[in-house]
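**Q** Could you look at this predicted model? Sequence included:
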Amino acid sequence: NVDQTRDKLRITITAGPTREPLDPVRYLSNHSSGKMGFALAEAAVQQGADVTLISGPVHLPTPEGVTRLDVDTAEQMLDAVLKALPSTHMLIGCAAVADYRAATVAEHKIKKQSQNGDELTLHLVKNPDIIATAAARGQAKFVVGFAAETQDVEAYAEDKLIRKKLNAIVANDVSDPTIGFGSDENRVTLLSRRGEHIIRQPLPQASKAALSDTLIQQLISLYDQHHSS
Ligand code: C5P
């Protein structure tokens, strides 16, 4: 549980997909359910933290005691995270942020084209990386990412841990349909940095609720170690 001798730990969590509009009626998005981020928020409140949950469009009730901010796009999510950052100790990026958005959002519904045969070309631009931007600001003292991968899970996760300058990353194999995206169970490995070394902690498969309890406990203990060293 949270060490009572220090200030209440303030944790900000991003969750769910982002939704990037193409025109007034269409968008690009993904199948993220938001379940993992919401489960983490609930676990963090139960362990005594002050929790802000910044969520993309999902169909989930707000866990009791959690402050929830709803956003649609990656840019809105980044704004909300940057506003929360000065009062955040730990940022956990659990959202499945769309990598690209439309270069321009059409003012009116995009019509079926009469030229170019059956093809339509959309011009997309890269979205900002929310947790990498946050980590680069150095305001949140501890930044945690998630890496959902289908192959070489730990190698890709390690690469993201270093490239995005995170303190820890949760590696998640989403090639197995019984865990990950949309399912109620998950199995992850927690990778964290200790000086030059990377520590790997495989956690047993469990419901997202039980796994969130373990993850939040581990992350709070890593946070405490990080600040006592
Ligand atoms: O690079 P990839 O999308 O796999 O990285 C996943 C991690 O980065 C997750 O923690 C996710 O929330 C975060 N992320 C982000 N902003 C993006 C893309 C990913 O915060 N634009």
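**A** Okay, I see it. Numbers count the residues shown, from 1 in each chain.
**Q** Spell out which parts of this structure neighbour the ligand.
**A** Residues of the chain lying close to the ligand (Cβ under 6 Å from any ligand atom) are 14, 74, 93-95, 97, 127, 129-131, 145-147, 160. No exception for glycine: its C-beta is placed from N, CA and C like everyone else's.
**Q** Including pLDDT and secondary structure, could those go into JSON lines?
**A** JSON lines is the format used below for the residues of the chain next to the ligand (pLDDT from 0 to 100; DSSP: H, G, I helix; E, B strand; the rest coil):
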{"residue": "14", "pLDDT": "98", "secondary structure": "strand"}
{"residue": "74", "pLDDT": "98", "secondary structure": "helix"}
{"residue": "93", "pLDDT": "98", "secondary structure": "strand"}
{"residue": "94", "pLDDT": "97", "secondary structure": "coil"}
{"residue": "95", "pLDDT": "98", "secondary structure": "coil"}
{"residue": "97", "pLDDT": "98", "secondary structure": "coil"}
{"residue": "127", "pLDDT": "98", "secondary structure": "coil"}
{"residue": "129", "pLDDT": "98", "secondary structure": "coil"}
{"residue": "130", "pLDDT": "98", "secondary structure": "helix"}
{"residue": "131", "pLDDT": "97", "secondary structure": "helix"}
{"residue": "145", "pLDDT": "98", "secondary structure": "strand"}
{"residue": "146", "pLDDT": "96", "secondary structure": "strand"}
{"residue": "147", "pLDDT": "95", "secondary structure": "strand"}
{"residue": "160", "pLDDT": "97", "secondary structure": "helix"}
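**Q** Which of those ranks first by neighbour count?
**A** Within the residues of the chain next to the ligand, neighbour counts (other Cβ atoms under 10 Å) peak at residue 14, which reaches 32 neighbours.
**Q** tell me the contacts of that residue?
**A** Neighbouring residues of residue 14 by Cβ atoms under 8 Å, 6 or more residues apart in numbering: 37, 54-55, 77, 81, 91-95, 97, 130-131.
**Q** what's the farthest-apart pair in those residues?
**A** Across the contacts of residue 14, no pair lies farther apart than 55 and 131, at 15.2 Å, counting by Cβ to Cβ.
**Q** For the worst-scoring helix or strand of the chain on mean pLDDT, name the packing helices and strands.
**A** Ranked by mean pLDDT, DSSP states H and E, the weakest helix or strand in the chain is strand 185-186, scoring a mean of 83. Applying 3 or more Cβ pairs under 8 Å, 6 or more residues apart in numbering; DSSP states H and E, one finds that strand 185-186 makes contact with strand 206-207, helix 208-228.
**Q** The following helix or strand past it packs against which elements?
**A** Moving toward the C-terminus from strand 185-186, the next helix or strand (DSSP states H and E) is strand 188-194. The contact analysis (3+ Cβ pairs under 8 Å, 6+ apart) places strand 188-194 against helix 153-163, strand 168-173, strand 197-202, helix 208-228.
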